[in-house]
Every structure is written in structure tokens, then in C-alpha cells.
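Student: got a predicted structure here, sequence first:
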Protein chains: 2
Amino acid sequence: MTTPLSERRQAQLAALIDAAERRIAEGGMANLRARDLAADIGIALGGLYNIVADLDELALRVSSRTLGRLGEALTAASDALPLRTKDDAVTRLVAIAHAYLHFARDNLLLWRTLFELRLAEGTALPAWAADDQLRLFRHVAEPLTLLVPDMDETRQVLAARTLFAAVHGIVTLGLEERLVAVPLTALEAQIEWLVRATCRGLRE
Amino acid sequence: MTTPLSERRQAQLAALIDAAERRIAEGGMANLRARDLAADIGIALGGLYNIVADLDELALRVSSRTLGRLGEALTAASDALPLRTKDDAVTRLVAIAHAYLHFARDNLLLWRTLFELRLAEGTALPAWAADDQLRLFRHVAEPLTLLVPDMDETRQVLAARTLFAAVHGIVTLGLEERLVAVPLTALEAQIEWLVRATCRGLRE
DNA sequence: TGCTTTTGTTGAACATCGTTCATTTCACTC
DNA sequence: GAGTGAAATGAACGATGTTCAACAAAAGCA
């Protein structure tokens, strides 16, 4: 299917993704312009389309990198903590949620583009992009299996999704400056409160 | 500041918002093109800019209408239920959350544009648009004051925001077809579970 | 080295946007 | 009917993403 890329192409692709990442971090997806990117990496305008099918693919590749970094951030937050007791599980879930908040805040525009991607309709998400997402869920799922080991797995997965989504919602609206700005510490407190409340609900 | 609009202008504006709403409902904000809209309401291209400053303002006006309809939907879900006991409050909060889910599902593209609005930086949200948002929070705040009357008001408002945001997150990710599609009934169940768990957490 | 073929690069050109504005048309008054 | 101000018009402008015929560079080969 995909022919192996020459070393040169690899380097061009990496440079292109670097440039795109920089531009998105500065001004969001609206700041991703073909002519600017071509100038950034020193190639002609048309040359972009030898490296990447279109700008959407480029945004997708940047997003994949962002997802990777997000995963690392969650891993770092997880691995620092023990995971033996059920209380450990709760503490870890709180830590993961807080790490999510901080990543989103520190990488605001890159994080937002994760959810602004609109694939040309009909085309499905590439497999490598879907994998990145599943890896994230596992961070939440792992403590959950310790917390409620008797629950069947489909319910556990569903609970992980729900918890993740709820935290995501708080972060999303909390970082929306359109509304009243919420202080970071207040957001942290509300997230912790919600995670603990739902964990208590899970344990019955 | 704003001169009173002639009757003719009012009618044109209404027709324009109608057309824009129809186009967004069909294909999202990407489907909002000046030439199409002008053709829809039978005026010349340039005439659009006598009715509306730019397409962003038009999208904002459509969003205002959408927020209004969303408010009505939440009101309808609320008013059908009594609000005397604390259990009533929980039941009502669940009903509101379910109504939110159904509205989002039934008005998917219009609902999404509520959050896709990017104001030209520096310009603040018009007051009439901010009011619409506050009205929504009141739907959640009202049952909450019954549920935890001893809590000081700032905490209550924060709790309402958090609950709203959490439900919003579940709905957002649940309706994202990019990931695995979640059945509607499963979403309903997860929302109800989360709302009840957080309410239990509130009551201590 | 010279010739051919393949591969990679270029930038002008195209299509499609939102937005502007000089010109024209219209409605109304005296 | 002439004059005047408001409203509507659509050609034109500047961005933008994308394509492709022409060009250049590299690689294979004698």
C-alpha cells in the first residue's frame, strides 16, 4: 500500500510536521496555511502535496503527535503513584484527571485541534490515529479494574469512557474563555470532587 | 448605537437567519457560504453585508436561536416534574441532562456550531448572547439550591457548572461518531448514573 | 563521459471563498 | 418631473487550497 519513504522524505515530513505544530500552537488550525508552511521548510508550494495529501492529513499527523505527548503526560502522572488498594485507584484517577487538565491548559491550541478535526466525510479515521485514542482510555481503565473487579468488562469500559468524558467536559468548558474564566485551582477542586463522587458511586 | 431596523430589514434578517439555520442543519458551518445564502433569500451577493456585518455574526445569530430552543427544551423537561423533595431535585436534574442529550442528538450540527464559534479576537461576546448562556445554567442551579440549601451560593453555582460540564462532556464524546458509536440508551444510562452519583456526593 | 529514464521539484494557473465599493436603481418629496 | 437620499447590485480584489505541465536532478547504463 504505502511505499517505504526515502530518508529525505522522512526528514521533509518531520520538518513539515514540526512547522505545522509550531503554527497551530501559535494560532490554531486557522493558522495552518499551505504557502506559509512551504516557506517554513523551504520548498515550493506544490511540493507540499508530494509530502502530504492535503492539509487535513497534516493536521491529523500533528494531532497524532499531540495525542502521543498527552499519553506520556498521563503515564508520568500514573507511574509516580502506587496502585495496590482501591484508595490508590481513586487517587490515581484523580491524578490522571488533573494531568489531563494541565496538559490541555499548557497545550491549549494543540489540544483543541484534537477535536476540531473534520475528516472528509466517508473517509474513516486511519488506524494509527484510532490506536492513539484507545491507549488513552487504558489509562483510565486500569485503575478502574482494580476499583471494581467484579464488574463485567463491557461495563468497566463504559464506566471508563463516562468518567473520561465527564472530566473532558469540565476541562473543555473550564478552558473556554468565552464564559467567565474559572481559576485553575477551582477547576482542579471540581475535577477531584467529581472523580471522587463517581468513584464512590461505582463502589456503591 | 444601533439604529432601529425598518420592517423590511427585519424581514430580510429573519429570512437570512432562516436560510443560514437550514444550511447549517444540513451541512454544518462549512456549508454557510455567502453566495448560497444570497441566492436563498433572493438578493445580490453584496446585499448580505447590509443585513449582517459578516458571516460570523450570522452564525452567532443562528446560535442564539439554537440556544433559545435548547432553553425551551430544558424548560419543557423541567416543568413537567414536581420540585418539592430532594429526590425530586435529583429526578429533575436527570431529566434535564436527558433533555440536553436528546436536543444535541436531534439538532446535532446546529448544536455543534454553538461551540465552534470563534469570535474575531479582541471582540467580546455580545451581551444578548451571554444572557442566553446564563439562562441555561439556571435550569441546573434551581434544583441544586433545593438539594443543598445550606451551601453558599458561589459553591452552588460552581457545582451547577461542574455538573453541567460533566454531562456536556458525556454528550459530546458520545455523539462523536469518530469513535465507536455508543447506543442512545447506553448514553442515557451513563448520564443518569453520573448525575445520581454526583448528587449523592453533594448530599454527602 | 555522454545518453536515457526515472524521480523529484517547481510555480503559474485554477477554483472557490469572504468581503468591498463604485455604480446603478429605487422610492419618495417638493 | 426633477431632485435627493437610501438601498441594492455585481464586478473586482485578495486569500486560500489544490493541480499539473514544464523543468531539473539523479540514477542507471554503455
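Tutor: In hand now; what should we look at? Residues are numbered from 1 along each chain as shown, chains lettered A, B, ... in the order given.
Student: if I pick A:Thr91, what's in contact with it?
Tutor: Residues counted as contacts of A:Thr91 (C-beta atoms under 8 Å, 6 or more residues apart in numbering or on different chains) are A:Leu81. Bear in mind the C-beta positions are built from the backbone N, C-alpha and C, glycine included.
Student: what helix or strand does A:Leu48 sit in?
Tutor: Here A:Leu48 sits within helix A:48-51, counting by DSSP states H and E.
Student: average pLDDT across that helix?
Tutor: Average pLDDT, helix A:48-51: 98.
Student: do stretch A:194-204 as well
Tutor: Averaging pLDDT along stretch A:194-204 yields 90.
Student: again, but for stretch A:72-92
Tutor: Rounded mean pLDDT across stretch A:72-92 is 96.
Student: which parts of the helix ranked longest in chain A are buried?
Tutor: Assignment by DSSP state H gives helix A:55-79 as the longest helix of chain A. Within helix A:55-79, the residues scored as buried using 16 or more other C-beta atoms under 10 Å in any protein chain shown are A:55-56, A:58-67, A:70-71, A:73-74, A:77-78.
Student: restrict those residues to contacts with DNA strand D.
Tutor: When contact is defined as C-beta under 7 Å from any atom of the strand, the buried residues of helix A:55-79 meet DNA strand D at A:Leu55, A:Asp56.
Student: picking that back up, quick one: the helix or strand following the longest helix of chain A to helix A:55-79, angle?
Tutor: For helix A:55-79, the following helix or strand on the C-terminal side (DSSP H and E) is helix A:86-106. Helix A:86-106 runs at 140 degrees relative to helix A:55-79, counting by axes from the mean of the first three to the mean of the last three C-alpha atoms, to 10 degrees.
Student: is DNA strand D contacted by the helix or strand just after helix A:86-106?
Tutor: Going down the chain from helix A:86-106, the next helix or strand is helix A:108-116, by DSSP H and E. No. Judged by C-beta under 7 Å from any atom of the strand, helix A:108-116 stays clear of DNA strand D, getting no closer than 13.8 Å.
Student: helices or strands up against helix A:108-116?
Tutor: helix A:7-27, helix A:55-79 (3 or more C-beta pairs under 8 Å, 6 or more residues apart in numbering or on different chains; DSSP states H and E).
Student: can I get those helices in CSV with distance to DNA strand C?
Tutor: What follows is the helices and strands packed on helix A:108-116, written out as CSV (distance: least, C-beta to the nearest atom of the strand, whole Å):
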stretch, distance to DNA strand C
helix A:7-27, 6
helix A:55-79, 14
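Student: quick one: these as TSV, columns for distance to chain B too.
Tutor: Below are the helices and strands packed on helix A:108-116 laid out as TSV (distance: least, C-beta to the nearest C-beta, whole Å):
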stretch	distance to chain B
helix A:7-27	10
helix A:55-79	11
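Student: for the most centrally placed residue in chain A, what are its contacts?
Tutor: When C-alpha atoms, centre = their mean is applied to chain A, the residue found nearest the centroid is A:Leu67 (4.0 Å). By C-beta under 8 Å, 6+ apart, A:Leu67 lies in contact with A:Leu114, A:Ala129, A:Asp132, A:Gln133, A:Arg135, A:Leu136.
Student: from the residues you listed, pick the one nearest DNA strand D.
Tutor: A:Ala129 (17.6 Å; C-beta to the nearest atom of the strand).
Student: and the worst-scoring helix or strand of chain A on mean pLDDT, what does it pack against?
Tutor: When each helix and strand of chain A is scored by mean pLDDT, DSSP states H and E, helix A:127-147 comes last, with a mean of 87. Contacts defined by 3+ C-beta pairs under 8 Å, 6+ apart place helix A:127-147 against helix A:55-79, helix A:86-106, helix A:153-174, helix A:184-203.
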